[in-house]
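Participant: Provide a 3D model corresponding to the input given below.
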Amino acid sequence: QVQLVESGGDSVQAGGSLRLSCAVSGATFSRICMAWFRRISGNERERVASVSSSGRSWYYADSVSGRFNISRDNTKDTVYLHMNGLKPEDTAMYYCAADYRSCVTPEYWGQGTQVAVSS
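Facilitator: Model prediction:
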């Protein structure tokens, strides 16, 4: 069974930085696409960033491009989201997600880690 466990969420001031981590178990990590989503309203989630299984293809939402960076360590079965220049509008629950085919609609999800940015 694929399990994703996020960590690293915290409360920071605007302009600060955080690094989120997502440890994956029960999957062939080198073959799965990894993504970070955040809850923006109700049950709606926005894909913030994703990285292909090969690590050679990335996606970033316009709202975070240039500030966030996604990386994966296939030796540790872990994906990271490096968040810089945080803004109050980045406040959200952040979820790690994974899929063997596409990160647009991933099958596997973590429980989330909360990020709060104060002005």
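Participant: could you check the distance from Tyr94 over to His82?
Facilitator: Distance, Tyr94 to His82, using Cβ to Cβ, to the nearest Å: 12 Å. To be clear about C-beta, it is placed using only N, CA and C from the backbone, and glycine gets the same treatment.
Participant: pretty sure Ser30 is in a helix, no?
Facilitator: Yes. Assessed by DSSP: H, G, I helix; E, B strand; the rest coil, Ser30 belongs to a helix.
Participant: ok, the residue nearest to it when sequence neighbours are not counted to Ser57 distance?
Facilitator: Residue nearest to Ser30 in three dimensions, not counting chain neighbours: Asn74, with 5.0 Å by Cβ to Cβ, 6 or more residues apart in numbering. Asn74 sits 15 Å away from Ser57, going by Cβ to Cβ.
Participant: And for Ser50?
Facilitator: For Ser50, the distance to Ser57 - Cβ to Cβ - is 9 Å.
Participant: what ranges do the strands span in the chain?
Facilitator: All strands of the chain, identified by DSSP state E, fall at 3-7, 11-13, 18-25, 33-41, 44-51, 58-60, 68-73, 78-83, 92-99, 108-109, 113-118.
Participant: If anything else comes up later, I'll come back, but that's it for now.
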